[in-house]
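# Just a sequence and a predicted model for now, questions to come.
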Amino acid sequence: MKEELKVIKKDNKIKIESEIINIDWILDTKINRKILIIILRSMCKKNGEKLFSFKELAKIVNSINRQAASQYFEYFITCGKDLTPMFLKKRKLNDSLYELLLLEIKKEPMISIKELMIILNTKLSRTDISESNIMTLLDMIPYGEVRKSLKKQIEIGEVHYKESYLLKQLFQKEESKENPKQTQKKIIVPRDIKKLFDVKGSVNNIKPEYAIVIFCMTLYNYGVHLSVLGRWLNVNKSTILRWIISMSTVLWEVINNWIYKKVISTTAYIDEKWIKIRGKWVYWFVVIDAKTGIPFFSKLLPNRSKYTCSWLGLKLKQIGRLPNTIITDGLVGYNYIKNVKHLLCLFHHQQNVTKWIKNHFTKPKIIEHRKKIMKKLFQTNDKRTVKRRFEKLKKNAKKLGIEKWIEIIEKRFKKLLPIIGSKKFPTTSNCIERFFGNFNRFYKIRRGFHSIVSAKKELVLFLVMYMFLKQTNGKAPIEKIMPKSNKMPLYILINNPIQALKCIQNVKLSPEMTSFSETNTLFSLNTVGDS
């Protein structure tokens, strides 16, 4: 008498019941159904009679035809009664392929099927692995293995699948545009503000209340506390801050427009500075034109990952300000800025030599000896000399114990060599270092910012003051693009405030700020060309 078989399915699960055996709820998957058919068909009585027929077992795969079940068992027989091929479906899907797939999934759990297919075919020098093969193998991978890797990446903030996908789509969209252009909005400047930029004007023609606010801006920039300024003018410190921010925002509208029109950068420096906001670190990215030393783009961003840097390059392309060459300090993320030539700052490279030696050697004599040899590599204006010295160092690397450093230099060599003896490319990024040197003084006085909004407002103030304040060479950065700017009343008020105020009659101590208001157009800190 044949054993009666009952197949129960519910909520994507399957259960087997009979008078002799029961199989509790398991997932109703294709592989599980195959295994059930093979196991149940293999069961027999002592006399060798099979417990279940193929027609009964066909119920497992929702069929009434015996062939639906018999085909799996026959394939099991042809494989030497080995279940492994049933998992792998086809003989070309072997254990080594499974292990390689598992390794790739652990590296990047959210990788696409197509990318996996390309990687596996490339690494195994094959062309026959299809997307359906990959899907079959993925069904075999236990979730627990992938979960460990995914959980670890989430904890350290390395899971950016959606962001990466969106960036790829944005790049493809933008690269399809032949001539990306920025829409430059028309700037309406009040008449009294225009007088501050009039090279033929006089400080005497400036409203006294405006002169007082600019005076407060200058003092606040140098670190005078708002409460002190409030006591001097007999107003609340929040009122002083409102005047300063309002004035700097309106002034930056005009300066920003000049920069957009005058600065066409072919070679630029890119660097970032960390800023603390409510106890958390964010990064201020700044792009500075190598020729003029003027910042033509800046943005406050949450991190400095490769996705952030990719977005930065995309934004520069959108506004039509992507330079031909960028010089950086070697941050890996900058390598993901496309369609530009990448160079490294020689100054930072020489600094890193010292750091590397101190991390790998302890004896002072050895440190000094290695440092002299390694730094000498780029201490010349002749490219051929650099190549010759590098080859010599490679031969002596093992003896000197600097094999790892040589490997690093080999990867960066093409980004350092073009700078040597070049009249086109600057050897160092001193320009951006000076910029952030000025900002460090400005930032340390404030010891962080209270919010993203307040940080953006104060960064606008810093940019205005940076552009108009005289540097150590006796000139302000604005003079690079506006040679006659030193005759502007604003320039005089910022650089010589006491003398300028003496020229203004009837100075009011209660300024009226009704003629200009605090705008929101720049509070996202989308500086030059970033509307």
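Thanks, I have it. Numbers count the residues shown, from 1 in each chain.
# Chain neighbours aside, what residue packs nearest to residue 205?
residue 195 (5.5 Å; C-beta to C-beta, 6 or more residues apart in numbering). Using the backbone N, CA and C atoms, a C-beta is placed for each residue, glycine as well.
# Centre of the chain to the longest helix along the chain, how far?
Scanning the chain for the helix with the most residues, using DSSP state H, yields helix 237-262. From the chain centre to the centre of helix 237-262 is a distance of 28 Å (C-alpha atoms, centre = their mean, to the nearest Å).
# what does stretch 260-280 give?
Distance, centroid of stretch 260-280 to centroid of chain: 13 Å (C-alpha atoms, centre = their mean).
# Just the buried residues of that stretch, please?
260, 262-263, 265, 267-273, 275, 277 (16 or more other C-beta atoms under 10 Å).
# Any idea how far apart the tips of that stretch sit?
One end of stretch 260-280 sits 32 Å from the other (C-alpha to C-alpha, to the nearest Å).
# ok, now stretch 439-453?
End residues of stretch 439-453 are separated by 18 Å (C-alpha to C-alpha).
# oh, and call the first residue 363 from now on, that's how I've got it
I'll keep to 363 as the first residue from here, and by that count the last item is stretch 801-815.
# Which positions within that stretch qualify as buried?
Quick answer for stretch 801-815 (16+ other C-beta under 10 Å): 801, 804, 805, 808, 811, 814.
# repeat for stretch 398-407
Buried-residue list, stretch 398-407, by 16+ other C-beta under 10 Å: 398, 399, 400, 402, 403.
# how about the buried residues of stretch 622-642 in CSV, adding pLDDT and distance to residue 723?
Shown next, in CSV, are the buried residues of stretch 622-642 (pLDDT from 0 to 100; distance: C-beta to C-beta, whole Å):
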residue, pLDDT, distance to residue 723
622, 89, 50
624, 90, 49
625, 90, 45
627, 87, 41
629, 91, 36
630, 92, 36
631, 92, 32
632, 92, 32
633, 91, 29
634, 91, 30
635, 90, 31
637, 90, 35
639, 87, 39
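# Which members of these are positioned in strands?
629, 630, 631, 632, 633, 634, 635, 637, 639 (DSSP state E).
# check contacts around the nearest residue to the fifth one once chain neighbours are set aside.
If the residues on either side of it in the chain are set aside, residue 633 comes closest to residue 794, at 4.9 Å by C-beta to C-beta, 6+ apart. Residue 794 is in contact with 631, 632, 633, 648, 650, counting by C-beta atoms under 8 Å, 6 or more residues apart in numbering.
# Can you lay out the buried residues of stretch 801-815 as CSV showing secondary structure?
As requested, those are arranged in CSV below (DSSP: H, G, I helix; E, B strand; the rest coil):
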residue, secondary structure
801, helix
804, helix
805, helix
808, helix
811, strand
814, helix
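# Quick one: residues contacting the residue nearest to residue 567.
Counted by C-beta under 8 Å, 6+ apart, residue 557 has contacts 563, 567, 568, 851.
# Could you do residue 492 as well?
Residue 492 neighbours (C-beta under 8 Å, 6+ apart): residue 479.
# now swap in residue 696 and tell me
632, 671, 688, 690, 704.
# any chance of the contacts of residue 557 in a markdown table, with neighbour count, distance to residue 579 and pLDDT too?
Formatted as a markdown table, the contacts of residue 557 follow (neighbours: other C-beta atoms under 10 Å; distance: C-beta to C-beta, whole Å; pLDDT from 0 to 100):
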| residue | neighbour count | distance to residue 579 | pLDDT |
| --- | --- | --- | --- |
| 563 | 16 | 19 | 83 |
| 567 | 12 | 19 | 83 |
| 568 | 23 | 14 | 84 |
| 851 | 24 | 14 | 90 |
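# Can I get these in JSON lines including distance to residue 764 and secondary structure?
Formatted as JSON lines, the contacts of residue 557 follow (distance: C-beta to C-beta, whole Å; DSSP: H, G, I helix; E, B strand; the rest coil):
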{"residue": "563", "distance to residue 764": "62", "secondary structure": "coil"}
{"residue": "567", "distance to residue 764": "66", "secondary structure": "helix"}
{"residue": "568", "distance to residue 764": "62", "secondary structure": "coil"}
{"residue": "851", "distance to residue 764": "58", "secondary structure": "helix"}
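# how near is the residue nearest to residue 633 to residue 788?
For residue 794, the distance to residue 788 equals 10 Å [C-beta to C-beta, to the nearest Å].
# on that earlier part again, can you name the two of the buried residues of stretch 398-407 that are farthest apart?
Greatest spatial distance among the buried residues of stretch 398-407 (C-beta to C-beta): 398 and 403, at 9.2 Å.
# if we can go back for a sec, pLDDT check: weakest of the buried residues of stretch 801-815?
Minimum pLDDT across those is recorded for residue 808, with 82.
# Name the nearest residue to that one, sequence neighbours excluded.
residue 820 (7.0 Å).
# so who does that neighbour touch?
607, 808, 811.
# make it 10 Å
Neighbouring residues of residue 820 by C-beta atoms under 10 Å, 6 or more residues apart in numbering: 582-583, 603, 606-607, 610, 637, 804-805, 808, 811-812, 887.
# tell me which element it falls in.
helix 814-830 (DSSP states H and E).
# give me the number of residues near the nearest residue to residue 423 once chain neighbours are set aside?
Leaving aside its sequence neighbours, residue 423 sits nearest to residue 430 (C-beta to C-beta, 6+ apart; 5.0 Å). As a burial measure, residue 430 scores 18 neighbours (other C-beta atoms under 10 Å).
# Can you check the pLDDT for the closest residue to residue 569 other than its chain neighbours?
Of all residues not flanking residue 569 in the chain, residue 554 sits nearest, at 5.5 Å (C-beta to C-beta, 6+ apart). Residue 554 carries a pLDDT value of 80.
# How about the one 3 residues further on?
Per-residue confidence at residue 557 stands at 87 (pLDDT).
# That one - that's part of a helix, no?
Yes: using three-state DSSP, the assignment for residue 557 is a helix.
# what's the spacing between it and residue 614?
17 Å.
# related to what we said a few turns ago, just give me the closest of the contacts of residue 820 to residue 409.
residue 637 (83.2 Å).
# By mean pLDDT, which helix or strand of this protein comes out lowest?
Here the helix or strand of the chain ranked lowest by mean pLDDT, DSSP states H and E is helix 523-537, holding a mean of 55.
# Please identify the helix or strand for the residue nearest to residue 633.
helix 792-808.
# on that earlier part again, which ones among the buried residues of stretch 398-407 map onto strands?
Using DSSP E, no member of the buried residues of stretch 398-407 falls in strands.
# what's the distance between whichever strand or helix holds residue 433 and the middle of its chain?
Under the criterion of DSSP H and E, residue 433 resides in helix 429-440. Distance, stretch centre to chain centre, for helix 429-440: 54 Å (C-alpha atoms, centre = their mean).
# Kindly report the same for stretch 496-509.
Counting by C-alpha atoms, centre = their mean, stretch 496-509 comes out at 30 Å from the chain centroid.
# Please identify the buried residues of it?
Within stretch 496-509, judged by 16+ other C-beta under 10 Å, the buried ones are 496, 498, 499, 508.
# Pretty sure the first one sits in a strand.
Yep, that's residue 496 we're talking about. No: if the criterion is three-state DSSP, then residue 496 is helix and not within a strand.
# My read is that it contacts residue 479, right?
Yes: contact criterion C-beta atoms under 10 Å: residue 496 and residue 479 qualify, at 5.4 Å.
# Doesn't residue 741 belong to a strand?
No: counting by three-state DSSP, residue 741 is located in no strand; its state is coil.
# can I assume it is in contact with residue 711?
No: counting by C-beta under 10 Å, residue 711 is not a contact partner of residue 741; they are 11.3 Å apart.
# So which of the two has more stuff around it?
A direct count of neighbours by other C-beta under 10 Å for residue 741 and residue 711 places residue 711 higher, at 21 against 13.
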